[in-house]
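> missing the sequence, but the structure's below:
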């Protein structure tokens, strides 16, 4: 075949691996397979171990035979179906290897009794009938309502069987039931055809109606857990994997629900998951998780997809961060980029820790310093600077919703911001910082963190914010229904809300200054579903007994600060990791659910453990991160790692935030910013609240958050036309460039050589020297004869000033300036 | 992919599913630049729909019973002094002060039974989002307005005209000056406001176009930072928007669209001039906005919003109305006729309404107060079934008696018309929770 000549060598290797001789084959579920009942099915999982030890799925590739014939059938995708009672042997062959499995069929003449919740409801979920866009929404669809994702089978039974005088089911002629006619689109159905009349699901529904719509017995087993096979696997690029999902019931029975479960990848550019549980990968390496949902249970299949490039000459690890990141890169076959140079590093770390560009003096001194420990020294200096506190106070203040909704709020927002900044500056242990917020009592003036309760008013908001911000748990869904991707139920939600059930507010003078206090009494919250009061319970714990005199919020803070708390430390180290790397180990950074696993679990665990061990020391956390070789890698990809999105094999460049960009622009143009009511020269990063966004178009158009949610995502990083127009052409910016006291005027009037001045400009903007090409370009531009707007030639001095304006303008609009890299 | 964060799921405006997007982009090589993606889209036959929406917010809520639903069987203290007149469509009568609308009734659909304003608060929110401002708590970040949703789901990148333009200038009562908020979609999806703070960015500030060209060339030679340092696509996106901004600044297409002096004087005369000054703390009665809206959709804007007047007549309702209604009648009818004459009536949908209706009984000051139980609206263009009235109210104009139409139904109709699959498209709010665009409302069968 001629074609092989054009296949690159690397692909050939891949092809060989995929189609090489299998050393052995394994069939799962292991042991002997037992099928009970007429409609029993089982998805098989065939795994080939290749000569080189690699493990590959062969379920769809294998050929199947069953002897003797007539007991079971096996289709090409490995689904076994019962035909008649008896025993048989299934053998699967692939690439010269064979494996066998004994199977026993019992009761094949008998249909299993149907349980509505266990058997019927999942059909609606799989077909999408009870999704939030259709009958599952609170108002139902066209008069027919199902509970969202089938979380409330009792209600569904009522709606299907009893509501509307039972018109939806017709036991006398089951196939003429409205439920089936609509679902199969045999009568007009807004949702189209959801059920194939030839499918097993359709047959099951027919049978259920024919049997008189049994609801099942109270003694019927309940779904206890689900399990996915395999749970994790190392896969090849563009690899495939069949999943098998087993449901375990309270009576110990196990049932194959592969074809009833729902599948969803967390990285949609990496994998697609078919309805039958077949996963197909793209050519992107990394880790991908496929969330598997069945009824109210969720689990996850994790695939690690190595790139497989040689990883040599890894730098010596500086600390545990490097050990764990490099170990992962080795497994993944992703060689890291080289270390960043000093110029890149000082700019990067100054922006990340102190929210500003390094000054000229700092840069010059750093670049000239020969001390091998100079990067550590710089990190320590930045952590000790007030700008560190400004930067992180800016971050926390937005998440803690320090919002000035009306002018009178200013006293509170200033005080709260000041408290956050002072706490960070003093390096208050993080657990104490959170405790002082959660358990805040009194008046804002004497206890500023009480301001959190002014902005976050309702117990539901308080619990949702606290869970998302401090625990990385998004509980919002569980307010109205079981969380679709999580274990949390409405009971968990309202039990958590109960911690905030005894908050008292007393108005004081001036009126806006409320006093927050604990109202004596036993804290409870009403579960919206059961209408019953529930006691406070933290996530995953039982209800707590809290005396009426004790503030339940202290119990919550105690639970969070417990060393064994699985959420608290992980949530904050992941949040901080993202601050520096532009990507969380769990992404999004505040969605640490079980079905959204970390890309490097060992790293997340180690950071959390170390953080707890340090006494919740935030500066130590920042130091561990920024001292690592990992953080100090170049942003520029090598020949292998351009596609790395989660392995941290290089620094992921990020755009400067609105505040940092404005401050940087003011610094480079040497024209300080002004904000109403703030001292001249106030930097945007140190502004106390959101109110300045409305007076500064720059800050609002570049997405400074309005402090209206506990989510980092409120700070948008998306690009827009309005931003581009503003940066390229704003009157304000043009005025800064043309200012008589600005950088262009200063440089034009400076007697040094243009080269010296250009070097200074580059140092200020990029912390590096210009190269020869850039110098030539810039000098050519400066020396160009210029005309005024009226067409008359300009004198050299005036022309040079315009030339500098243009050069500064161009620098401010380069990606190198706009990004931290 | 194309949008980097907050990826919507489901079916986009052009009928392309997310999965199709992945096939052309993400699953291809994982490292396509934005221009490459745009090219790939064009090659795979994906065409963005050319449909546009013009939303007219009649700030302060006009009296439904004095516009489209006159109550001649009601006593004088309810029906007021106005008389109905016949229209081009036999059987449909509207106010005598809307003769132009009467003349083109075959191109309009008055809705006499708008419901859904829970609060009776003055707010453009429901008129621009279809969601009540009160009642069910808003999602974190707030509901996005239709223009922002269209920016997210329908906008083409790289055009010289922004996808969402809001003509409303700021007003004394802020909601009267809102062009519709981006809500949880964030500032990248906000309206471009030629009257707002960003206006001055549209025209060159203190530099000549030669110097801009000079600067652009200089930037191109300086801006050589390796784009592969960023794998999110953001650097490429910035390049695309920079190019778009240079187009705006040099092609003058946007400025031209905003400049009514470029229009045939006869056409301008037909629209009328109105008054560009805000009416009290309300919006201006600026008839030129109707014309600018048409010029903008013609130039490529996907959604244009405009706010008109201040219809909150708690006193002297009927004399005050004469300061608004004739101007509105002229400008609005000119827009609809103009769209028809230019063959845009199938591709541009126009909705005009206020946030609620007004009290049946005229109060002691001769005014009408807030009446959230029922109001009116008028729909045109879009290739909809026009020349009919939808809904009716009782004898006093106080309660809907036929076919109450929720604001959300009109939004469902518009999104459906734009090709967005309401049953599958979701957008994530700031807590990550996915939201369908409308709360379960369905497209109106009467219209499509």
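Looks like it came in fine. This one's a predicted model, so the numbers in the text were calculated from it and none came from an experiment. Numbers count the residues shown, from 1 in each chain, chains lettered A, B, ... in the order given.
> so who does the nearest residue to residue B:72 once chain neighbours are set aside touch?
Residue nearest to residue B:72 in three dimensions, not counting chain neighbours: residue B:79, with 6.0 Å by CB to CB, 6 or more residues apart in numbering or on different chains. C-betas here are computed from N, CA, C, even on glycine. Residue B:79 makes contacts with B:65, B:70-73, as judged by CB atoms under 8 Å, 6 or more residues apart in numbering or on different chains.
> what about residue 292, which SS state?
Let's take chain A. With DSSP: H, G, I helix; E, B strand; the rest coil as the basis, the three-state label of residue A:292 is strand.
> think we crossed wires, I meant chain B
When classified by three-state DSSP, residue B:292 comes out as helix.
> and for it, the neighbour number?
Neighbour count for residue B:292, taken as other CB atoms under 10 Å in any protein chain shown: 23.
> per-residue pLDDT, it?
Residue B:292 carries a pLDDT score of 97 in this model.
> swap in residue B:232?
What the model reports for residue B:232 is a pLDDT of 79.
> and it, that's in a strand?
No. Counting by three-state DSSP, one finds residue B:232 to be coil, located in no strand.
> distance of it from residue A:702?
According to CB to CB, to the nearest Å, residue B:232 stands 17 Å off from residue A:702.
> okay, these two: which has more neighbours?
Neighbour comparison, residue B:232 and residue A:702: the larger count goes to residue A:702, with 29 against 17 (by other CB under 10 Å).
> shouldn't the more buried one be in contact with residue A:657?
Yes. Assessed by CB atoms under 8 Å, residue A:702 is found in contact with residue A:657 at 7.5 Å.
> spit out the contact partners of residue A:761.
Residue A:761 makes contacts with A:668, A:743, A:747, A:807-808, A:811, as judged by CB under 8 Å, 6+ apart.
> I'd like the mean pLDDT over the helix or strand that contains it, please.
In this assignment (DSSP states H and E), residue A:761 forms part of helix A:754-766. Helix A:754-766 shows a mean pLDDT of 97.
> also stretch A:281-293?
For stretch A:281-293, mean pLDDT is 92.
> list the buried residues for it?
For stretch A:281-293, a neighbour-count test (16 or more other CB atoms under 10 Å in any protein chain shown) marks A:281-282, A:284-293 as buried.
> those residues: which ones sit near chain B?
A:282, A:284 (CB under 8 Å from any CB of the partner chain).
> pick out the most distant pair among the buried residues of stretch A:281-293.
The largest separation in those, counting by CB to CB, is between A:285 and A:293 at 26.1 Å.
> and the closest residue to residue A:522 other than its chain neighbours, helix, strand or coil?
Nearest residue to residue A:522, sequence neighbours excluded (CB to CB, 6+ apart): residue A:548, at 5.3 Å. Secondary structure assignment for residue A:548 (three-state DSSP): coil.
> same deal with the one 5 residues further on?
In terms of secondary structure, residue A:553 is helix; the call rests on three-state DSSP.
> how much space separates the residue lying closest to it once chain neighbours are set aside from chain B?
Excluding the flanking residues, the one nearest residue A:553 by CB to CB, 6+ apart is residue A:439, at 4.4 Å. Residue A:439 sits at a distance of 24 Å from chain B (criterion: CB to the nearest CB, to the nearest Å).
> quick check: residue A:439 vs residue A:211, distance?
57 Å.
> swap in residue A:662?
Residue A:662 is 70 Å from residue A:211, where distance means CB to CB.
> surely residue A:196 meets residue A:205?
No. The pair residue A:196 / residue A:205 is not scored as a contact, 11.5 Å apart, by CB under 8 Å.
> more neighbours: the two, which one.
A direct count of neighbours by other CB under 10 Å for residue A:196 and residue A:205 places residue A:205 higher, at 26 against 12.
> confirm for me that that one is in contact with residue A:195.
Yes. Using CB under 8 Å, residue A:205 is in contact with residue A:195, at 7.3 Å.
> give the intersection of the neighbour lists for these two.
In contact with both residue A:205 and residue A:195: A:123, A:180, A:183, using CB under 8 Å, 6+ apart.
> in helices only, show me the residues you listed.
A:123, A:180, A:183 (DSSP state H).
> can you show me the helices along chain B?
Remark: helices assigned in chain B by DSSP H are B:18-24, B:34-43, B:76-79, B:99-103, B:125-129, B:146-154, B:209-222, B:234-251, B:253-258, B:265-271, B:288-299, B:317-341, B:407-417.
> just want the most central residue of the chain.
Looking at chain A here, since you left the chain open. Central residue of chain A (CA atoms, centre = their mean): residue A:588, 1.7 Å from the mean position.
> I was after chain B.
In chain B, the centroid-proximal residue (CA atoms, centre = their mean) is residue B:55; its distance is 3.0 Å.
> ok, now which ones touch it?
B:127-128, B:146-147, B:180, B:303-306, B:350-352.
> and the residues you listed, which is closest to residue A:641?
Closest approach between those and residue A:641, by CB to CB: residue B:147, at 40.1 Å.
> please report the distance of that closest one from residue B:154.
Distance from residue B:147 to residue B:154, by CB to CB: 10 Å.
> and for the two, which residues touch both?
Common neighbours of residue B:147 and residue B:154 are listed as B:163, B:302 (criterion: CB under 8 Å, 6+ apart).
> rewinding a little: the residue nearest to residue A:522: neighbour count?
Residues contacting residue A:548 under the criterion other CB under 10 Å number 11.
> ditto for residue A:113
Burial of residue A:113 is recorded as 12 neighbouring residues (other CB under 10 Å).
> how about residue A:537?
Per other CB under 10 Å, the neighbour tally for residue A:537 reads 18.
> what's the nearest residue to it if we skip its chain neighbours?
Leaving aside its sequence neighbours, residue A:537 sits nearest to residue A:495 (CB to CB, 6+ apart; 3.7 Å).
> repeat that for residue B:177.
Leaving aside its sequence neighbours, residue B:177 sits nearest to residue B:171 (CB to CB, 6+ apart; 3.2 Å).
> ok now do that neighbour, which residues does it touch?
Contacts of residue B:171 (CB under 8 Å, 6+ apart): B:59, B:177, B:278, B:281-283, B:307.
> what helices and strands are in contact with the host helix or strand of residue A:461?
Using DSSP H and E, residue A:461 falls within helix A:459-471. Here helix A:459-471 touches helix A:430-438, helix A:490-497, helix A:552-561, helix A:568-581, going by 3 or more CB pairs under 8 Å, 6 or more residues apart in numbering or on different chains; DSSP states H and E.
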